[in-house]
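Engineer: after the sequence you'll find the predicted model.
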Amino acid sequence: MSLGRAVLLRVQGLATHFLTGEGVAPAVDGVSFDLDDGQVLGLVGESGCGKSVTALSILRLVPSPGRIVGGKILFRERNLLDLPEEEMRRLRGGSIGMVFQEPAACLNPVLTIGSQVAEVLEVHRRLPGREARREAVECLQRVGIPDPEMRYGEYAHRLSGGMKQRAMIAIALAGKPSLLLADEPTTALDVTIQAQILDLLRRLREETGMAILLITHNLGVVAELADSVAVLYAGKVVERAPVATLFARPAHPYTVGLFRSLPDLQDPGKRFEPIPGSVPPPTRFPMGCRFRDRCPIAAEVCAEEPRLREIEPGHLVACHKV
Ligand SMILES: Nc1ncnc2c1ncn2[C@@H]1O[C@H](COP(=O)(O)OP(=O)(O)OP(=O)(O)O)[C@@H](O)[C@H]1O
Ligand code: SF4
Ligand SMILES: [Mg+2]
């Protein structure tokens, strides 16, 4: 994270647990990271590591039986966990925009996409009807929806996957967010469309100066867009670093494993090795280091929980052997 910028979002010791029939599931368990104004933080990790639950916690939209049981979420220095629900509602879709993997699930099927953008402008920015309509058309144009005047009256089911994702981004942008939470925004799309949506996010970030929490299991997506990265494993941050540092010197055995499991585009013949095993369900996280069962260099000391520590400026790792 660069010097001289203000911290926009500071997540401190966030713990979100699910109280299930099988016991307590500590899906997010003491997660901390900072996101500076205008920066992009990639939050990576395999399926089930707690990425979405982290984002939902920031929005205070954790589904039952989940509960935020500890930590702070400081947005512009105010702890979101202390705000009245009404203020949270103003922030969601306003200063904090959201884009998810499945736009179809988030777009309202009975409203045209234009009117959904206009609604945000009316509610969050108090624009009167006609102005809201005009600006909604502009928003559709900015996200690269062709012929936006005509598309304004279109329903989501008539749009392709990429266009739906653009519509959802237009809705998020309409609230003039200073923070965009983007949860797997390109995962459901084919490769060409993925690249277009990443280009769009990059351009919008430059134009608007908004910060992005970019959630993805794809390190390629992180390389494209993020300034810094937090690697999540089994509800804990195991490594945090500026993106160039993480790609040059991944240190945690889990991060190293994630890189090894990537196909090498330069050398398609090269064998890529998936990390053996899978993330255990949170009710069965091992004691000590949670990566212990899958770690190729696990040792006795790993029965103790490793703490995050700085191994070089800005590069933090939670591993006894690094
Ligand atoms: N509604 C729920 N009830 C019980 N447990 C839940 C619920 N939602 C999430 N969890 C638990 O939280 C863990 C983390 O889930 P989360 O959705 O954050 O994973 P993720 O990192 O976003 O994975 P993916 O890449 O598949 O989206 C899951 O393994 C699951 O056990
Ligand atoms: S603490 Fe031990 S088990 Fe965990 S990642 Fe490091 S070496 Fe592996
Ligand atoms: Mg998820």
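Structural biologist: Noted; the coordinates are in hand. Ligands and ions are numbered 1, 2, ... in the order given.

Engineer: I'd like to know which helix or strand in this structure has the lowest mean pLDDT.
Structural biologist: helix 103-106 (a mean of 80; mean pLDDT, DSSP states H and E).

Engineer: count the residues that sit near residue 297.
Structural biologist: When neighbours are defined as other C-beta atoms under 10 Å, residue 297 has 11 of them. For every residue, glycine as well, the C-beta is placed using N, CA and C.

Engineer: identify each buried residue in the next helix or strand after the least confident helix or strand of the chain, please.
Structural biologist: Sequence-wise, the next helix or strand downstream of helix 103-106 (DSSP states H and E) is helix 113-125. Using 16 or more other C-beta atoms under 10 Å as the test for burial, helix 113-125 gives 113-114, 116-124.

Engineer: can you narrow those residues to ones near ligand 1?
Structural biologist: The subset of those within reach of ligand 1, counting by C-beta under 6 Å from any ligand atom, is empty.

Engineer: quickly find the element holding residue 61.
Structural biologist: Taking DSSP H and E as the definition, residue 61 sits outside all helices and strands.

Engineer: tell me where this structure has strands.
Structural biologist: 7-20, 23-36, 40-44, 66-75, 78-79, 96-99, 179-183, 211-216, 228-233, 236-242, 309-312, 315-317 (DSSP state E).

Engineer: between those, which gets nearest to ligand 2?
Structural biologist: strand 236-242 (7.2 Å; C-beta to the nearest ligand atom).

Engineer: and that closest one, how far from the chain's centre?
Structural biologist: Here strand 236-242 shows a centroid-to-chain-centroid distance of 14 Å under the convention C-alpha atoms, centre = their mean, to the nearest Å.

Engineer: change the start of the numbering to 13 and stick with it
Structural biologist: Let's use 13 as the start, then, which means that last one is strand 248-254.

Engineer: residue 239 reaches residue 255, doesn't it?
Structural biologist: Yes: assessed by C-beta atoms under 8 Å, residue 239 is found in contact with residue 255 at 6.0 Å.

Engineer: before we move on, the earlier item: mind giving me the packing neighbours of the least confident helix or strand of the chain?
Structural biologist: helix 173-186 (3 or more C-beta pairs under 8 Å, 6 or more residues apart in numbering; DSSP states H and E).

Engineer: got the buried residues for the helix it packs on?
Structural biologist: Here helix 173-186 shows 174-186 as buried, counting by 16+ other C-beta under 10 Å.

Engineer: hey, what's the angle from that helix to strand 191-195? Just curious.
Structural biologist: Taking axes from the mean of the first three to the mean of the last three C-alpha atoms, to 10 degrees, one finds that helix 173-186 is oriented at 160 degrees with respect to strand 191-195.

Engineer: tell me which residue of the protein lies closest to ligand 3.
Structural biologist: As assessed by C-beta to the ion, ligand 3 sits closest to residue 64 within the chain, at 3.1 Å.

Engineer: can you tell me how far residue 320 sits from ligand 2?
Structural biologist: Using C-beta to the nearest ligand atom, to the nearest Å, residue 320 is found at 11 Å from ligand 2.

Engineer: hang on, I meant residue 296
Structural biologist: Applying C-beta to the nearest ligand atom, the value for residue 296 to ligand 2 is 16 Å.

Engineer: so what's that residue up against?
Structural biologist: Not one residue lies near residue 296 by C-beta atoms under 8 Å, 6 or more residues apart in numbering.

Engineer: residue 303 is nearest to which of the strands of the chain?
Structural biologist: Set against residue 303 and scored by C-beta to C-beta, the strands of the chain come closest in strand 240-245, at 5.6 Å.

Engineer: could you dump that closest one to CSV, C-alpha only?
Structural biologist: Extracted in CSV, the C-alpha atoms of strand 240-245 (Å, rounded to 0.1, in the frame of the first residue of the first chain):
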residue,chain,number,x,y,z
SER,A,240,-2.0,-5.5,-3.0
VAL,A,241,-3.3,-8.9,-2.0
ALA,A,242,-4.5,-10.7,1.1
VAL,A,243,-4.5,-14.5,0.9
LEU,A,244,-7.2,-16.2,2.9
TYR,A,245,-7.1,-19.7,4.1
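
Engineer: what is the orientation angle of that strand with strand 35-48?
Structural biologist: Using the same axes, to 10 degrees, strand 240-245 lies at 170 degrees relative to strand 35-48.

Engineer: by contact count, what packs against strand 240-245?
Structural biologist: Strand 240-245 packs on strand 35-48, strand 52-56, strand 248-254, helix 255-260, helix 265-272, going by 3+ C-beta pairs under 8 Å, 6+ apart.
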